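J.: Need coordinates for the following:
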Amino acid sequence: MTIGKRKPVKITAAIEARTARDAAEATIPPAMRIAASWSWRILVVLAVLAVFVWLIAQLRLIVVPFMVAILLAALLVPLVNFLVRHRWPKGLAVAVAEVGILAVVAGLVVLIVTQVRSGFPDLQKQSIEAYDSFKQFLSDSPLQLSDKDISGYIDQAFAAIQEDSEALLSGALSFGSSAGHILAGILLTLFATLFLLIDGRGIWNWFTRLFPRKARPAIVGAGHSGWITLTTFVRVQIFVAFVDAVGIGLGAWILGLFYGGFPLVIPIAIAVFLGSFIPVVGAVFTGVLAVFVALVYLNPFAALIMLAIVLLVQQIEGHVLQPLIMGTAVKVHPLAVVFAVAAGGFLAGIPGALFAVPVVATLNVMVNYIASGQWRDGVNVNRRNPDAKDALRDA
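T.: Residues are numbered from 1 along each chain as shown. Just a heads-up that it's a prediction; the model follows:
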């Protein structure tokens, strides 16, 4: 009887506590409840992202080569598939693709080194003469600056540039702080690219098996969509980089026709091509080399014309190529591209600026695919089709 009497008391107390809690929650405005629900979810997402970024920073010597290998694989997989479709053995197709990309990169490096070595003595001489002329101009101008004043201003400018570029260069310096790190990164990149080309599908299948069986259709479909976006990004970025290099290089060559020649056109064009893989800002930073050469070898007016050419090419990229071609291909707004590059450069230096856009574009497509629920249609079809279900299980 004692036990029987205690149960109604406990139930009544629980009901009263719940009623009091409901009454207290009723006093909270709906907007505040919604804001609180969103707030803790946002905090959880930010905490996960912070841990993820911290892990990448700690493992950057492995992550950066692997991400470079993924970009190279996205570039070379269509070539390997093309060769395989034309009855090439897969091993031979992979070897031709990887050796070919190595030969192209090595050829560009050798060409740059050869051209710069041949023109460096003259460039050094012209730079000294241009610097002396500039100091003389400032001394004779109404400003009447002395050598001490000019040296002070130059030191302040270099200090400002060094301070502003510290975040951008820190990622590259921390990654390649020694020759051993650089060599290890190159070897990791080559091996990772090789295995991705040979058995990339098998690696992805192994990765999807880490997830619960019910989640695999979404992961498989999202990965397929992300890979298509990544391969499209690489091809489009190569085209954009080629347009930037041709535009600035051709502009420098045409400008040289009016001044008896423009030196180092080929190294400048190659530098612009490589720098353009960092969207939005890469072509401008490398195009400054052309402006500097025009200022040193020609005159300030020619340098202004070269600067106008660089800005014109950048405007074509920013207002035509990026929105119409890149934006359509990777489905990322140009404003998001700018902020992604800025955030990537701030967090991880040059590697962060390089990988920011492909990472954002790929994640955007994968998240949208999962959120849209398109993968559920595939699951329903597989339930009715045992053969498709077995194929999905194998994936």
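
J.: show me what contacts residue 273?
T.: By C-beta atoms under 8 Å, 6 or more residues apart in numbering, residue 273 lies in contact with 241, 242, 244, 245. C-beta coordinates here come from the backbone N, C-alpha and C atoms, glycine included.

J.: What subset of the residues you listed is buried?
T.: The neighbour-count test (16 or more other C-beta atoms under 10 Å) marks 241, 244, 245 as buried among these.

J.: CSV please, covering those and showing pLDDT and secondary structure.
T.: Shown next, in CSV, are those (pLDDT from 0 to 100; DSSP: H, G, I helix; E, B strand; the rest coil):
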residue, pLDDT, secondary structure
241, 86, helix
244, 87, helix
245, 89, helix
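
J.: thinking again about what came up before, ok, which pair from the contacts of residue 273 is furthest apart?
T.: Farthest pair in the contacts of residue 273 (C-beta to C-beta) is 242 and 244. Separation: 7.3 Å.

J.: Can you tell me which helix or strand of the protein has the lowest average pLDDT?
T.: Among the helical and strand segments of the chain, the one scoring lowest on mean pLDDT, DSSP states H and E is helix 386-394, with a mean of 40.

J.: Can you pull out the low-pLDDT segments for the stretch 101-250 of the chain?
T.: Along the stretch 101-250 of the chain, segments meeting pLDDT under 70 span 119-120, 123-124, 126-127, 129-179.

J.: The same query, at a cut-off of 80, please.
T.: For the stretch 101-250 of the chain, applying pLDDT under 80 flags the ranges 115-182.

J.: in it, which spans are strands?
T.: Per DSSP state E, counting those that start in this stretch, the stretch 101-250 of the chain carries no strands over any range.

J.: What distance do you get for the closest residue to residue 278 other than its chain neighbours to residue 34?
T.: Nearest residue to residue 278, sequence neighbours excluded (C-beta to C-beta, 6 or more residues apart in numbering): residue 353, at 4.8 Å. As for residue 353, its distance to residue 34 is 37 Å (criterion: C-beta to C-beta, to the nearest Å).

J.: more crowded one of those two?
T.: Taking other C-beta atoms under 10 Å, residue 353 and residue 34 do not tie; residue 353 has more neighbours (26 against 10).

J.: ok, and for the helix or strand hosting the more buried one, which residues are buried?
T.: According to DSSP states H and E, residue 353 maps onto helix 334-372. Neighbour counts over helix 334-372 (16+ other C-beta under 10 Å) mark 336-338, 340-341, 344-345, 347-358, 360-362, 364-366, 369-370 as buried.

J.: And that helix, what does it pack against?
T.: Applying 3 or more C-beta pairs under 8 Å, 6 or more residues apart in numbering; DSSP states H and E, we find helix 334-372 packed against helix 30-58, helix 60-85, helix 147-175, helix 216-257, helix 327-330.

J.: Report the mean confidence score over that helix.
T.: Computed over helix 334-372, the mean pLDDT rounds to 80.

J.: Let's verify residue 260: helix, strand, or coil?
T.: Recorded secondary structure, residue 260: coil (DSSP: H, G, I helix; E, B strand; the rest coil).

J.: Quick one, grab the pLDDT at residue 33.
T.: pLDDT, residue 33: 75.
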